[in-house]
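Undergrad: Return a 3D structure for these sequence lines:
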Amino acid sequence: MNGQTSTTAGIDAVITWVDSGDPVFRAMAAPYSSGRAVKDMPSADPARLSSVNEIRYCLLSIMKFAPFIRNIYIVTAGQDPRLHEVVESHFPGSSDRVKTVDHKHIFRGFENYLPTFSSRSIESMLWRIEGLSENFIYFNDDVFLVRNTSPGDFFCDGRPLLRGKWLLRPWHRLAWNAIRILPLRIIKGNPGYRPRPSYHLGQWRSATVAGFRASYFCMSHTPFALCRTRAEEFLVNGYETLEKNISYRFRDDSQFNFVALMNHLEVLSGNRNYHSPQLVYMQPSGRGKGYLPGKIALCMKNDKVKFACVQSLDRCTPEQQKIVFDWMDGMLAGC
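TA: Coordinates of the predicted model:
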């Protein structure tokens with residue numbers, strides 16, 4: 001098979017999810033995330049994995065606005081998102097389309113790297129879900145659909161749409177990262193201190209893995225259209241590259257971003273299906289009262305907007321969370 005398989009063969013969705021508030025999860029993470037690990041690596045703090053049940057809205061928005069989706073796989077660390085009843089209440093008889101996949105399944109043969117708390121490690125293995133469609137769509141649990149979509153919003157002639165823009169090599173980010181590490185290690189008294197992983201540098205590292213040197217394609221916070229065998233062909237042949245990337249327990253600044261790598265491999269294979277993000281991005285924490293209503297109004301008024309990303313909802317006030325959830329409940333009403 002190749003990356004040009006027709007979308008009529010079926011399209012699946014994949015959502016990654018974890019709830020660090022779960023006592024069982026905390027017990028599992030404790031040996032790796034306590035003491036020195038958190039001090040040295042900001043990404044080792046389990047608080048960054050907190051959940052306020054965003055996945056409920058992510059899942060239901062897919063089922064309402066992307067009815068063409070065949071199966072929805074929720075990838076998690078032995079946890080149960082408990083979504084059966086909510087799915088049945090909105091879409092009776094559809095809960096069998098929602099399948100929970102444990103990390104042990106996608107890391108089969110690589111169990112020595114479990115448990116892992118790195119999103120970049122986990123994303124690198126999503127293509128190993130048994131039964132996954134050739135073309136699939138990957139969602140972070142804080143990304144939602146806000147309008148009706150079709151397969152053509154994600155794939156063109158069976159190949160992924162690439163949502164984002166080209167940027168020059170991030171010299172200033174690379175330089176700043178290099179300059180600040182040594183002082184921070186001295187100030188913190190930790191020679192092993194690692195900076196918080198950068199969204200842009202993770203994508204740049206992905207570009208270099210694919211052989212790009214002068215520029216990189218910077219993706220937006222949208223659902224990501226991906227080709228399963230594109231990942232399989234590269235990462236199986238690049239065994240050492242894959243194994244190094246999944247070896248980190250916590251997200252590390254030296255890891256590449258799996259989705260960004262797939263985008264660059266698509267470009268190398270001749271894919272020029274570039275598209276605008278069609279996204280409204282929100283980061284409400286610490287914002288004024290008018291921020292969320294303004295963003296939501298933009299989603300509703302602009303019929304070209306298909307997606308919304310609401311980051312760090314766990315850090316928002318109860319009032320902010322209520323605004324977002326009331327909005328989502330209103331969109332999902334009647335389904």
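Undergrad: any idea which helix or strand comes after the least confident helix or strand in the chain by mean pLDDT?
TA: Least confident helix or strand of the chain, by mean pLDDT, DSSP states H and E, is helix 36-40 with a mean of 49. Next helix or strand after helix 36-40 toward the C-terminus (DSSP states H and E): helix 54-65.
Undergrad: Does anything pack onto that following helix? Which helices or strands?
TA: Applying 3 or more C-beta pairs under 8 Å, 6 or more residues apart in numbering; DSSP states H and E, one finds that helix 54-65 contacts strand 11-16, strand 69-76, helix 84-90, strand 135-140, strand 143-145, helix 318-332. For every residue, glycine as well, the C-beta is placed using N, CA and C.
Undergrad: Now do that helix against strand 11-16, angle only.
TA: Angle between the axes of helix 54-65 and strand 11-16 is 170 degrees (criterion: axes from the mean of the first three to the mean of the last three C-alpha atoms, to 10 degrees).
Undergrad: now helix 54-65: mean pLDDT?
TA: Average pLDDT, helix 54-65: 96.
Undergrad: cool, and stretch 217-224?
TA: When pLDDT is averaged over stretch 217-224, the result is 97.
Undergrad: Work out the gap between that stretch and the centre of the chain.
TA: Put simply, stretch 217-224 sits 9 Å off its chain's centre (C-alpha atoms, centre = their mean, to the nearest Å).
Undergrad: Please enumerate residues in contact with it?
TA: Here stretch 217-224 makes contact (C-beta atoms under 8 Å, 6 or more residues apart in numbering) with 13, 137-140, 143, 145, 154, 160, 162-167, 200, 203, 207, 259-260, 262-264, 267, 277-279, 281, 307, 309, 311.
Undergrad: can you pull out the strands in the stretch 201-335 of the chain?
TA: With strands called from DSSP state E, counting those that start in this stretch, the stretch 201-335 of the chain shows them at 215-219, 224-227, 274-275, 279-282, 307-310.
Undergrad: Could you dump these into TSV and include distance to Glu130?
TA: Converted to TSV, those look like this (distance: least, C-beta to C-beta, whole Å):
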stretch	distance to Glu130
strand 215-219	27
strand 224-227	16
strand 274-275	30
strand 279-282	31
strand 307-310	28
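Undergrad: in the stretch 1-150 of the chain, which ranges drop under the pLDDT threshold?
TA: Within the stretch 1-150 of the chain, the segments meeting pLDDT under 70 span 1-8, 33-51.
Undergrad: could you list every residue that touches Asn302?
TA: Asn302 sits next to Val280 when contact means C-beta under 8 Å, 6+ apart.
Undergrad: how much space between it and Arg147?
TA: Going from Asn302 to Arg147 by C-beta to C-beta, to the nearest Å gives 10 Å.
Undergrad: the helices in the stretch 101-250 of the chain, which residues?
TA: Counting by DSSP state H, counting those that start in this stretch, the stretch 101-250 of the chain has helices at residues 103-106, 119-123, 171-188, 199-209, 228-237, 239-246.
Undergrad: can you tell me which of those the model trusts least?
TA: In terms of mean pLDDT, the lowest-scoring of those is helix 171-188 (a mean of 73).
Undergrad: In space, what's closest to Thr116 - neighbours in sequence excluded?
TA: Of all residues not flanking Thr116 in the chain, Arg249 sits nearest, at 5.7 Å (C-beta to C-beta, 6 or more residues apart in numbering).
Undergrad: Dihedrals phi and psi, that neighbour?
TA: Dihedral pair for Arg249: phi -70, psi -40, per degrees, to the nearest 10.
Undergrad: Can you get me a residue count around it?
TA: As a burial measure, Arg249 scores 20 neighbours (other C-beta atoms under 10 Å).
Undergrad: Confirm for me that it is in contact with Pro115.
TA: Yes: the pair Arg249 / Pro115 is scored as a contact, 7.4 Å apart, by C-beta atoms under 8 Å.
Undergrad: shared neighbours, these two?
TA: Residues touching both Arg249 and Pro115 by C-beta under 8 Å, 6+ apart: Tyr32.
Undergrad: now the helices and strands packed on helix 54-65 in JSON lines, with mean neighbour count and distance to Ile55?
TA: Converted to JSON lines, the helices and strands packed on helix 54-65 look like this (neighbours: other C-beta atoms under 10 Å; distance: least, C-beta to C-beta, whole Å):
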{"stretch": "strand 11-16", "mean neighbour count": "22", "distance to Ile55": "6"}
{"stretch": "strand 69-76", "mean neighbour count": "20", "distance to Ile55": "7"}
{"stretch": "helix 84-90", "mean neighbour count": "14", "distance to Ile55": "10"}
{"stretch": "strand 135-140", "mean neighbour count": "24", "distance to Ile55": "9"}
{"stretch": "strand 143-145", "mean neighbour count": "25", "distance to Ile55": "10"}
{"stretch": "helix 318-332", "mean neighbour count": "16", "distance to Ile55": "12"}
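Undergrad: and of the ones you listed, who's closest to Ile129?
TA: strand 69-76 (5.6 Å; C-beta to C-beta).
Undergrad: Give me the sheet partners of that closest one and which way each runs.
TA: Strand 69-76 pairs in its sheet with strand 11-16 (parallel), strand 98-102 (parallel), by DSSP bridges.
Undergrad: Out of these, the one nearest Arg120 is which?
TA: Between Arg120 and the strands paired with strand 69-76, the shortest gap by C-beta to C-beta is with strand 11-16, which sits at 10.8 Å.
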